[in-house]
Structure formats: C-alpha cells, structure tokens
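Peer 1: return a 3D structure for these sequence lines:
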Amino acid sequence: MEKNSAEIVVIIPALNEEAPIADVVCACRAVGVAREVLVVDNGSTDATAARAGAAGARVVAQPIRGYGRACAAGVAALPAASCEVVVFLDGDGSDCPELMPQLLAPILAGTHDFVLGSRTRGEREPGSMNAPQLFAGHLAGWLLRLRYGVRYSDMCPFRAIRRDALARLAMREETYGWNLEMQMRAAAIGLRILEIPVAHRCRTGGESKVSGTLRGTFVAGWRIALTFLRVAFGPREKEPSR
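Peer 2: Below is the predicted model of the structure:
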C-alpha cells in the first residue's frame, strides 16, 4: 500500500447525538483523507440521522442498540472492494478528527496494521474522562500485557485498521466490549500494532451512555469484563477464510 493511495472510510456509531454529529461529520470531511464518512444511527430517537445526512455522511440504520452492533453494521456497509483502511471514532465530539493523519500514517507507510489512540497518554481536556474510565484503561492494558505481551494504555474508540486485518479478527462483541475485543484479537493473531497519544475533549452534546450514569458505568464495565474472559480464555475462533 503506497502512502496516500489507500481508500479510507470513517465509521461513526451514534445514538442520540443530534447536537454534535453534524460538526463531527464536517470535521472528518474537512481533514480530506477519507473517501466517505459513514454514520451508523443506532436507534436514535432524535434528529441524529437527519443531521448526519445533511452534513454529508452516508447514514446506515442499526435499530438494535449496542455499540458493537453499530460498529459491525458500519463494517458491513463498507464499499465492497475499494475500502482499504477503516477509521472508527465517536460521534459525541470528544475525539479529534484532525488527528486522523497521525493515526493513518503508519498504516499508509506499510509499517503497521492497527493504530489506536491513547487518551491516557495524550492531552485531555479537564472532565473529559472520569476516574473509572482511566482505571479501566490501565487495568485492561495490564491484563492484556500479561496475556499477549502487547502494551496498551487505553480502550479509546479513535482507531484505524486495515480492512483486511479487521476481517481477520472475526469480531463478535455486540455491546461495550467491541473496542477491547478488537485489541485482544489483534494481539492474538499478531497484527502490527501501534498506540499513539491523542488529544481528547469533553463531549459537545448529548449524554454519555457509559460514564453519564452509575448504571451505564456498571453495565459497560460488566460487558467489558465478560468480553475479556470470553476472548482470553474461550476457544480460539478460526480466522475467516480469505
């Protein structure tokens, strides 16, 4: 893959993000590296889908809620053959689309298959991450280092991966454990992984489904823990045939 020759698509899972989603889509398009911005409306009850479409995104509906389901729906909607690199980021305005070139550079240079941002190593706007999120990132990193020998410091949703590498991961998680499962499976099959510091902002609208409530924090933590146990100690799944 020659530098700057790859077809890149951005996937943004979104649930009730009508306030920030148009700005997020416009910021992704303004960077000028992606062929398409794809927003997956995960059962929103507000104007998320309409505002994303008006901002220039292709909108895909996944009415059954679940972060992993939304991400999987985005992957299923990718152009049949042309897309070579996929970027994932959240639709709440907390990720920084202007940093996409830094995530993409190692992949486009052919040195890495999977590059993810680390909010814990980057500059964080005060209040953008709470203590449980920071703790979970460090704990997951420690456990994955013991299990796979790979160093992670975060489960940041802002990440880029070669499409062919993503297909090899056989992702199954339907809810909050999607990001962790991707990191675990990438390590397990020996992808070339790089984590880089990224800036992180407070969300610019809507309410967090994870850190916004005690219940959300508990449910997300439980799903992430179950994902770790399933992937780390369950039967190893075969890679999809190529």
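Peer 1: contacts only, for the residue nearest to the spatial centre of the chain.
Peer 2: When C-alpha atoms, centre = their mean is applied to the chain, the residue found nearest the centroid is residue 157 (3.3 Å). Contact analysis of residue 157 by C-beta atoms under 8 Å, 6 or more residues apart in numbering lists 88, 89, 90, 95, 179. No exception for glycine: its C-beta is placed from N, CA and C like everyone else's.
Peer 1: what are the ranges of the helices in the protein?
Peer 2: Secondary structure of the chain (DSSP state H): helices at 21-31, 48-54, 67-76, 100-108, 131-148, 163-168, 178-188, 214-233.
Peer 1: quick one: which of those helices is nearest residue 114?
Peer 2: Nearest of these to residue 114, taken as C-beta to C-beta: helix 178-188 at 4.9 Å.
Peer 1: give me the angle between the closest one and helix 67-76.
Peer 2: Interaxial angle of helix 178-188 relative to helix 67-76 (axes from the mean of the first three to the mean of the last three C-alpha atoms, to 10 degrees): 60 degrees.
Peer 1: need the contact partners of helix 178-188.
Peer 2: For helix 178-188, the surrounding residues in contact (C-beta under 8 Å, 6+ apart) are 67-68, 71-72, 113-114, 116, 140, 144, 147-150, 152, 155-157, 159, 161, 165-166, 169-173, 193, 224, 227-228, 231-232, 236.
Peer 1: state the mean pLDDT of it.
Peer 2: In this model, helix 178-188 has a mean pLDDT of 96.
Peer 1: same question for stretch 197-214.
Peer 2: For stretch 197-214, mean pLDDT is 76.
Peer 1: give me the below-cutoff pLDDT ranges for this structure.
Peer 2: Applying pLDDT under 70 to the chain flags the ranges 1-5, 206, 208-218, 236-242.
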